[in-house]
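> next input, structure requested:
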Amino acid sequence: MHVVVVGCGRVGSSLAQTLVEGSHTVTIVDRRREAFRRLPEDFPGTALQGIGFDRDLLIEAGIERAGALAAVTNGDNSNVLIARVAHETFGVERVVARIYDPRRAAIYQRLGLATVATVSWTTDQVMRRLLPDPTGAEWTEPTGKVCVVERQVTRAWIGRPLYELEAATETRIVAVGRLGAALVPSSNTVGQEGDLLYVSSAVSGIDAFDAVLRPAGSAS
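Numbering: from 1, shown residues only. Okay, the predicted model is just below:
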């Protein structure tokens, strides 16, 4: 697949290199020629200097045959404009824009533009590592209504089918971390000591899930 990456900062240069290592063709665009110094000397892709939302430059970058575009400059407005041009003008199916403002990211997501809100993600990850017993989400979609959380199985659920936990809380256990590996639970999967549960839930339902996972009077 051909991919256009707009922005050759730390994220863009790393993304471009990862893509070519995965046997994709890549054109990376940046308005500053010196930004291309972040690319390896043997980078097999194409580097073009210019403004990422310039239609002629995008055509030169191969946008008309691209299967994906990533807009990862350091400006929210530029990234949104680039992503919209790629999707609406050139019909690129997979388009992602990096957005620093999480509130704006949520708005654009609701309008159908895939975004990565770096501030929200970074804050979430730092909090998870700062707190001794983090209760934050592994992932929250931009509207803030659905999340994936990590929880350790409690004694109350060791030896019990995990589907019963789902049924009691209207959640989905999307994966179980067990003995250094991961598995997708089935109707026969029972909780084991040390299990980590990755649970998809409405944000409003997390407290109810925790109450069932750790019933009153039980040891955690």
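
> next, the closest residue to Thr140 other than its chain neighbours: secondary structure please.
Counting by CB to CB, 6 or more residues apart in numbering, Cys147 is the residue found nearest to Thr140 once chain neighbours are left out, at 4.2 Å. Quick note: C-beta positions are derived from backbone N, CA and C, even for glycine. Cys147 carries the three-state label strand when classified by DSSP: H, G, I helix; E, B strand; the rest coil.

> hmm, Val203 and Cys147 touching each other?
Yes. With contact defined as CB atoms under 8 Å, Cys147 counts as touching Val203 (5.2 Å).

> looking at the two, which one has more neighbours?
For Cys147 versus Val203, neighbours defined as other CB atoms under 10 Å are more numerous around Cys147 (19 against 15).

> from Leu213, how far off is that one?
15 Å (CB to CB, to the nearest Å).

> what's the answer for Ile158, then?
Distance of Ile158 to Leu213, computed by CB to CB: 12 Å.

> next: Val26.
Applying CB to CB, the value for Val26 to Leu213 is 44 Å.

> among the two, which residue is more densely surrounded?
When Val26 and Leu213 are compared for neighbours, Val26 comes out ahead with 27 against 22, by other CB under 10 Å.

> for that one, what are its contacts?
Contact partners of Val26, counting by CB atoms under 8 Å, 6 or more residues apart in numbering, are 2-5, 16, 19-20, 45-46.

> let's have those in JSON lines, adding neighbour count.
JSON lines is the format used below for the contacts of Val26 (neighbours: other CB atoms under 10 Å):
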{"residue": "His2", "neighbour count": "18"}
{"residue": "Val3", "neighbour count": "24"}
{"residue": "Val4", "neighbour count": "30"}
{"residue": "Val5", "neighbour count": "27"}
{"residue": "Ala16", "neighbour count": "29"}
{"residue": "Leu19", "neighbour count": "20"}
{"residue": "Val20", "neighbour count": "19"}
{"residue": "Gly45", "neighbour count": "17"}
{"residue": "Thr46", "neighbour count": "15"}
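
> would you list those in a markdown table and tack on secondary structure and distance to Arg33?
Supplementary listing: the contacts of Val26 in a markdown table, determined by DSSP: H, G, I helix; E, B strand; the rest coil; distance: CB to CB, whole Å:
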| residue | secondary structure | distance to Arg33 |
| --- | --- | --- |
| His2 | strand | 22 |
| Val3 | strand | 21 |
| Val4 | strand | 18 |
| Val5 | strand | 16 |
| Ala16 | helix | 16 |
| Leu19 | helix | 21 |
| Val20 | helix | 20 |
| Gly45 | coil | 16 |
| Thr46 | strand | 14 |
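
> now the helices for the chain?
10-21, 55-60, 76-84, 102-110, 118-130, 162-169, 206-213 (DSSP state H).

> can you put those helices in a markdown table and add mean pLDDT and distance to Arg94?
A markdown table is the format used below for those (pLDDT from 0 to 100; distance: least, CB to CB, whole Å):
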| stretch | mean pLDDT | distance to Arg94 |
| --- | --- | --- |
| helix 10-21 | 93 | 12 |
| helix 55-60 | 96 | 15 |
| helix 76-84 | 92 | 11 |
| helix 102-110 | 74 | 15 |
| helix 118-130 | 60 | 19 |
| helix 162-169 | 94 | 31 |
| helix 206-213 | 92 | 31 |
